[in-house]
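**Student:** Sequence isn't available, so here's the structure alone:
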Ligand code: GAL
């Protein structure tokens, strides 16, 4: 196997090669491609020690180019939506390119998920990718230099994001990895159980733009503080993580009763989008001919809150010139639950 080595995964229409790096650590391995900096596979042991690939991905670059689901990609410059595709910074209005009706989604039509990242460093269990986003790209001010480092260690996949801008700008980076802990091609996640460490969430309108309120989950279907089966419910909301203090705190737990695999998500960020793959229908064929449809996977996107530049009560995603943006998210894998 080409552990820690890179192979050519495909070629962009303009001939630029897209590479894949395979990382391993103990019984966990993953593949990262430079197109969108995307996680293409993530293999972890089930309760019997058998390997299960829990991340959605495609066999060909052509499938990545054909899909519009952000499968596995790193999202930037601003994860999730900005209402009306505009924001103001230091008294100046910045119009952004729209790609979700009148709104701006996941950094715009040519966001970081559509860019070919560079491999800056790699070892057996870690890779650092970088991207240079020019001043004005998709409407954002400042040239943004971004790195994303994926590391497999201690049963976890950790992603560290860093960025620096030549002008004050917005920065909100996340991973759009899609998970199915029963196996990437195993169909609906309705038997999965979920828990979110969040007593509050940000209600949104019918276009998924936050109203600006921060409300208690108590007595609502948003209360996922106790582990519970998903069943027929679907979600696509931002929760406010309890105990956010810029250190790594537990934000979510997901568990498959089929394989016994659970995934704990920890992050330094204030919010988490729990998305149950509601728009997965129409996805191209997945790895090994797998069918990916509605509710066939979930995402736990750690983030600043959607539309935060337009809501003064939300934590600020403004990156000042000269400042370094840094955030960390870890997905920890094990089987069943430890008591105590
Ligand atoms: C999610 C978002 C969904 C949808 C999806 C991509 O992050 O919350 O509303 O846009 O990405 O299909």
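**Tutor:** Looks like it came in fine. No experiment lies behind these values; they were computed from the predicted model shown. Residues are numbered from 1 along each chain as shown.
**Student:** Quick check: closest non-adjacent residue to residue 262.
**Tutor:** residue 255 (4.1 Å; Cβ to Cβ, 6 or more residues apart in numbering). Heads up, the C-betas are built off the backbone N, CA and C, glycines and all.
**Student:** Next, the contact list for the most centrally placed residue in the chain, please.
**Tutor:** In the chain, the residue lying closest to the centroid (Cα atoms, centre = their mean) is residue 175, at 2.2 Å. When contacts are counted by Cβ atoms under 8 Å, 6 or more residues apart in numbering, residue 175 touches 39, 72, 73, 74, 75, 159, 301, 302, 329.
**Student:** would TSV of those with pLDDT be doable?
**Tutor:** Formatted as TSV, these follow (pLDDT from 0 to 100):
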residue	pLDDT
39	99
72	99
73	99
74	99
75	99
159	99
301	99
302	98
329	98
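**Student:** Closest to residue 5 out of those residues?
**Tutor:** Checking the contacts of residue 175 against residue 5 by Cβ to Cβ gives residue 39 as the nearest, at 17.6 Å.
**Student:** which residues touch the closest one?
**Tutor:** Residue 39 makes contact with 30, 31, 32, 55, 57, 72, 150, 157, 175, 177 under the criterion Cβ under 8 Å, 6+ apart.
**Student:** Surely the last one forms part of a strand?
**Tutor:** Okay, so that is residue 177. No - assigned with DSSP: H, G, I helix; E, B strand; the rest coil, residue 177 falls outside any strand and is coil.
**Student:** so residue 6 touches residue 19, yeah?
**Tutor:** Yes - if you go by Cβ atoms under 8 Å, residue 6 and residue 19 touch, sitting 4.5 Å apart.
**Student:** and for these two, which residues touch both?
**Tutor:** Listed contacts common to residue 6 and residue 19 are residue 119; contacts here mean Cβ under 8 Å, 6+ apart.
**Student:** burial count for the closest residue to residue 83 other than its chain neighbours?
**Tutor:** Sequence neighbours aside, residue 209 is the residue nearest to residue 83 in space, at 3.9 Å (criterion: Cβ to Cβ, 6+ apart). By the criterion of other Cβ atoms under 10 Å, residue 209 has 22 neighbours.
**Student:** circling back: list buried residues within the contacts of residue 39.
**Tutor:** Buried members of the contacts of residue 39, scored by 16 or more other Cβ atoms under 10 Å, are 30, 31, 32, 55, 57, 72, 150, 157, 175, 177.
**Student:** could you dump the residues you listed to TSV with distance to residue 288 and secondary structure?
**Tutor:** Shown next, in TSV, are the buried ones among the contacts of residue 39 (distance: Cβ to Cβ, whole Å; DSSP: H, G, I helix; E, B strand; the rest coil):
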residue	distance to residue 288	secondary structure
30	16	strand
31	13	strand
32	19	strand
55	13	strand
57	10	coil
72	16	coil
150	22	strand
157	21	strand
175	22	strand
177	18	coil
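**Student:** need the residues of this structure near the ligand, please.
**Tutor:** Of all the residues in the chain, those in contact range of the ligand (Cβ under 6 Å from any ligand atom) are 69, 70, 80, 105, 208, 236, 273, 275, 279, 299, 301.
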